[in-house]
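> Coordinates for the following, if possible.
(one chain, ligands or ions: 2)
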Amino acid sequence: MTNHLFDQLFGYHAGSDAPFVTPLGGAALSHDDFLALSARMANVFVAQGLQKGDRVAVQVGKSVPALAIYAACLRAGLVLLPLNTGYTVSELAYFLGDAEPGLVICDPAKAEGLSPILPEGATLLTLDNAGNGSLMDAVAQADAQHDPLPCGPDDLAAILYTSGTTGRSKGAMLSHDNLLSNARALTNLWRFSADDVLLHALPIFHTHGLFVAVNVCALSGASMLFHPGFNLDDIIADLPKATTLMGVPTFYTRLLDDPRFTPMLTQHMRLFVSGSAPLLAETHEQFERRTGHRILERYGMTETNMNVSNPYEGERRAGTVGFPLAGTELRITDPTTGAPLPDGEIGMIEVRGPNVFKGYWRMPEKTAEELRGNGFFITGDLGRIDADGYLSIVGRQKDLIISGGYNIYPKEIEVVLDDLPGVLESAVVGIPDADFGEAVIAAVVPAPGATPDPEALMALLRPQLARFKHPRAIRILDELPRNTMGKVQKNLLREAFAATPA
Ligand code: MCA
Ligand code: AMP
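Ligands and ions are numbered 1, 2, ... in the order given. Purely as a prediction, here's the structure:
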């Protein structure tokens, strides 16, 4: 038996000295160098006593060794659990307690804070942004020979946590074939080849930067210019060396705001892809006017990888996400009854295919709520299919804010606010934001007799929540608007706050 995903993504490049990944300001690593690095790292993991199916939790900055952790986990049959670098210790405690990893890899600066919350028996190794730490010390001593463990299509490759409307994150279990089938569909559709150079500026702890970007490059033999984050100066300097860019809409609005972003700079580019959040039709049109390129927008989720994409050759229609990927079925259903609706009607987007995950880690009831027995996954997004078959996402049934491509579930912030002294209850909403698409605003109702100060509340909230979830403002209200059923009318809060955003 072979290793279903590893062999296809990385293994077949053995002996290739073509560049695979070039860190910003550093030297390119060839496919073969990357394989050797991942082999040494896999041997380190095995030496820690990790066995097939064990989880490896990783909260480190973006670097080539950080990427090699993914390949090393695959080859050793381990399950990668990548974590947003912004998560605080109290957020991490939940993930580590739930996933029970056998190994945790973190930045050396975080090691002390993480030690008390390590699951029993777990090892802690460190890796900093420059590639130093106890992980790389062990890698330097490790054998470069490692035979990839046999892994089948249904073996788990990764667990990615996605927050929930109840405020409790759920671990989406992704199999080798979930990832491979999607990488194949995208590579074919978007015409990736060994001639491509992807400008990679997304984080690698989410589906977009890790699986969509990296897997497509690995599968096609393309190479990556690997930036630690999205920095306009660096992007503009490296664009002439790239053929493709994948980004969230904020990447494109920021580029358009920069006068250095000229048609010349994008002349040789083959493809710009956008996803993770809605791309305004206005941005799509402005981008075409400026560069002559039509951004290709696609739609996906952590649970399903990519589902739907605008075409490579046909019309890339602004304000739509296009057609289902090869092998993926799409249907629109009545959100209450689940009955399929005809094209043209707005309803729940459901998807089915080899890309759809295996369920939520240790949450069979949650899995059953969202994944139907017939294989259709209920996305929580509302959409409509037009007469030409293009899907438009018209809203979300789930209470979710997307800020700069990061998902923020209001409930996660509300539970923290509700626990603060002087707070009776709270409601968190997203209002339009020119840079991030949406920005977080919190409404707080004081407990009887209390007069909470927004600044003091912010100070208490900060250490508990990742920076990107911090409300832009906390508004004190006498009461929350509610409908006759007692449900908070968040639409009214959104309208009121959007009208007076300061
Ligand atoms: C940074 N900050 C943010 C965000 N990013 N606040 C809210 N939302 C954000 N997304 C904070 C910073 O900590 C900072 O706080 C302040 O806002 C200004 O930061 P800035 O320097 O402007 O931000 P940046 O470092 O340039 O980052 C912006 C970014 C980044 C490049 C848009 O957020 C990003 O890379 N987003 C991509 C997320 C992504 O990959 N999503 C894919 C999810 P302070 O001032 O206090 O320092 S996967 C997915 O959704 C599905 C599967 C899909 O379809 O892809
Ligand atoms: P996540 O839970 O992080 O995987 O985020 C998935 C969610 O991001 C989807 O359910 C959508 O709500 C949203 N999303 C992803 N791509 C797009 C897009 N192109 N347009 C609108 N929303 C999107």
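> C-alpha only now, for contacts and for neighbours.
Fine.
> pLDDT weak spots in this protein?
Along the chain, segments meeting pLDDT under 70 span 165-167, 501-502.
> same thing but 90
1, 163-168, 398, 484-486, 499-502 (pLDDT under 90).
> That one against ligand 2: which residues are in contact?
Applying C-alpha under 6 Å from any ligand atom, we find that the chain lies next to ligand 2 at 162, 275-278, 297-302, 321, 379, 381, 393, 407.
> which among these are in contact with ligand 1?
275, 276, 299, 300, 301, 302.
> Strands - which of the residues you listed land there?
Taking DSSP state E, the ones among those that sit in strands are 299, 300, 301.
> So which of those is surrounded by the most neighbours?
residue 299 (24 neighbours; other C-alpha atoms under 10 Å).
> Could you give the bridge partners of it?
residue 308 (DSSP bridges).
> sorry, back to before: reformat the ones in strands among the ones next to ligand 1 among the residues of the chain next to ligand 2 as a markdown table; add distance to residue 471.
Compiled in a markdown table, those are given as follows (distance: C-alpha to C-alpha, whole Å):
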| residue | distance to residue 471 |
| --- | --- |
| 299 | 26 |
| 300 | 26 |
| 301 | 24 |
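> For the longest helix that the chain contains, which outside residues touch it?
If each helix of the chain is counted by residues according to DSSP state H, the longest one is helix 31-47. Residues from elsewhere that reach helix 31-47, judged by C-alpha atoms under 8 Å, 6 or more residues apart in numbering: 10-11, 13-21, 65, 68-69, 71-73, 75-76, 135, 138-140, 142-147.
> Now, those residues that are in helices?
Of those, the ones assigned to helices by DSSP H are 65, 68, 69, 71, 72, 73, 75, 135, 138, 139, 140.
> Serialize those to TSV and add fields for neighbour count.
Output for the ones in helices among the contacts of helix 31-47, formatted as TSV (neighbours: other C-alpha atoms under 10 Å):
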residue	neighbour count
65	25
68	20
69	23
71	27
72	28
73	28
75	30
135	21
138	16
139	20
140	14
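> thinking residue 187 is in contact with residue 218, fair?
No: assessed by C-alpha atoms under 8 Å, residue 187 is found out of contact with residue 218, at 9.8 Å.
> Neighbour count: the two, which is higher?
Comparing residue 187 with residue 218 by other C-alpha under 10 Å, the one with more neighbours is residue 218, at 26 against 19.
> Quick check: the residue of the stretch 401-502 of the chain nearest ligand 2.
The stretch 401-502 of the chain approaches ligand 2 most closely through residue 407 (5.3 Å), counting by C-alpha to the nearest ligand atom.
> give the contact list for that residue.
So residue 407 contacts 163, 400, 401 (C-alpha under 8 Å, 6+ apart).
> Among those, name the ones in helices.
Short answer: the contacts of residue 407 have none in helices (DSSP H).
> What is the nearest of the ones in helices among the contacts of helix 31-47 to residue 317?
residue 71 (35.6 Å; C-alpha to C-alpha).
> roughly how far apart are that closest one and ligand 1?
19 Å (C-alpha to the nearest ligand atom, to the nearest Å).
> distance of the closest residue in space to that residue that isn't next to it in sequence from ligand 1?
Distances taken as C-alpha to C-alpha, 6 or more residues apart in numbering place residue 38 nearest to residue 71, at 5.8 Å, with adjacent residues excluded. As judged by C-alpha to the nearest ligand atom, residue 38 and ligand 1 stand 23 Å apart.
> Centre of the chain to the helix or strand that residue 158 is a member of, how far?
Per DSSP states H and E: residue 158 is located in strand 156-162. Relative to its chain's centre, strand 156-162 lies at 11 Å (C-alpha atoms, centre = their mean, to the nearest Å).
> same check, this time on stretch 365-372
21 Å.
> Any chance you could list what contacts that stretch?
Residues from elsewhere that reach stretch 365-372, judged by C-alpha under 8 Å, 6+ apart: 359, 360, 377, 378, 379.
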